[in-house]
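Q: no sequence on this one, just coordinates:
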C-alpha cells in the first residue's frame, strides 16, 4: 500500500510539473516557480482532499446487505 501511495504522489507531481512547463513559459514569457505557484498547488490539493474526505465521510464505504459481503471479508489470499 505504501508503494502505491508513493507512485501516486510521483505521478501527481510529475503531471503538475509537465503542465507547468507547457503553460507558464508561453503565457508569461518567464520560467519561474515562486510562492504563488506553490501556494496555488497546495491550495487546490487541500481543497481536493477536503472535498473527497467530506464526501467519503457522508457515505458508507462497506455496503449493507450485500450478498457477498461476508465471503469478501473472510477471504484470504
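A: Perfect, thanks for sending it. It should be emphasised that the depicted structure is a prediction, and the values quoted were computed from it without experimental measurement.
Q: what does the lowest-mean-pLDDT helix or strand in the chain contact?
A: Using mean pLDDT, DSSP states H and E, the weakest-scoring helix or strand in the chain turns out to be helix 69-73, at a mean of 83. Helix 69-73 has contacts (Cβ atoms under 8 Å, 6 or more residues apart in numbering) with 62-63, 66. Every residue, glycine included, has its C-beta placed from N, CA and C.
Q: That one: how far from the chain's middle?
A: Distance of helix 69-73 from the chain centroid (Cα atoms, centre = their mean, to the nearest Å) equals 28 Å.
Q: and stretch 22-38, how far apart are its ends?
A: 16 Å (Cα to Cα, to the nearest Å).
Q: Now find how far off-centre it is within its chain.
A: The answer for stretch 22-38 is 22 Å, by Cα atoms, centre = their mean.
Q: What average pLDDT does it get?
A: Stretch 22-38 carries an average pLDDT of 79.
Q: Now do the contacts for residue 63.
A: Contacts for residue 63 were tallied using Cβ under 8 Å, 6+ apart; they are residue 69.
Q: how much space is there between it and residue 1?
A: According to Cβ to Cβ, to the nearest Å, residue 63 stands 22 Å off from residue 1.
Q: got it, and residue 26?
A: For residue 26, the distance to residue 1 (Cβ to Cβ) stands at 39 Å.
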